[in-house]
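J.: Okay, sequence plus prediction incoming.
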Amino acid sequence: EVQLVESGGGLVQPGGSLRLACTGSGFTFDEFAIGWFRQAPGKEREGVSSMSLSDDTDIHYGDSVMGRFTIFSDSAKNTVYLQMNSLKPEDTAIYYCAGDAQGWGTLDPEEYDHWGQGTQVTVSS
């Protein structure tokens, strides 16, 4: 059974940083793509970043996080990270990681088969 577990959320002041982790099990790590998505209250789910684990140069970022967030992986730990810098109040949301068994890696949530439970990120002073 494919499982994805997020960790690393919390409360941070504007301008601060957080690193989220998505640890996977039950699948061959480098055959998947992992995407990070977020959803704020009253808003649609938004694609944040994605990475094809078979090609770590195949990376995408949403326009709102470009230049501030970085996605990277550690295959030895079956984990994909999302480093979030220069955080803004509008980054406040529940952050989800998702797995795409086709391995393509896009920012379209419809492409993803497996989802974690989410982790709350709150940016506030």
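T.: In hand now; what should we look at?

J.: what pairs with the helix or strand of the chain with the lowest mean pLDDT, and is each one parallel or antiparallel?
T.: When the helices and strands of the chain are scored by mean pLDDT, DSSP states H and E, strand 55-61 comes last with a mean of 88. Here strand 55-61 has these sheet partners by DSSP bridges: strand 46-52 (antiparallel).

J.: Quick one: mean pLDDT over the strand it pairs with.
T.: In this model, strand 46-52 has a mean pLDDT of 96.

J.: ditto for stretch 92-111
T.: Rounded mean pLDDT across stretch 92-111 is 93.

J.: swap in stretch 14-33?
T.: 94.

J.: Contact partners for the residue at minimal distance from the centre of the chain?
T.: Nearest residue to the geometric centre of the chain (C-alpha atoms, centre = their mean): Trp36, 2.3 Å. By C-beta atoms under 8 Å, 6 or more residues apart in numbering, the contact set of Trp36 is 20, 22, 47-50, 71, 80, 82, 95-98. C-beta coordinates here come from the backbone N, C-alpha and C atoms, glycine included.
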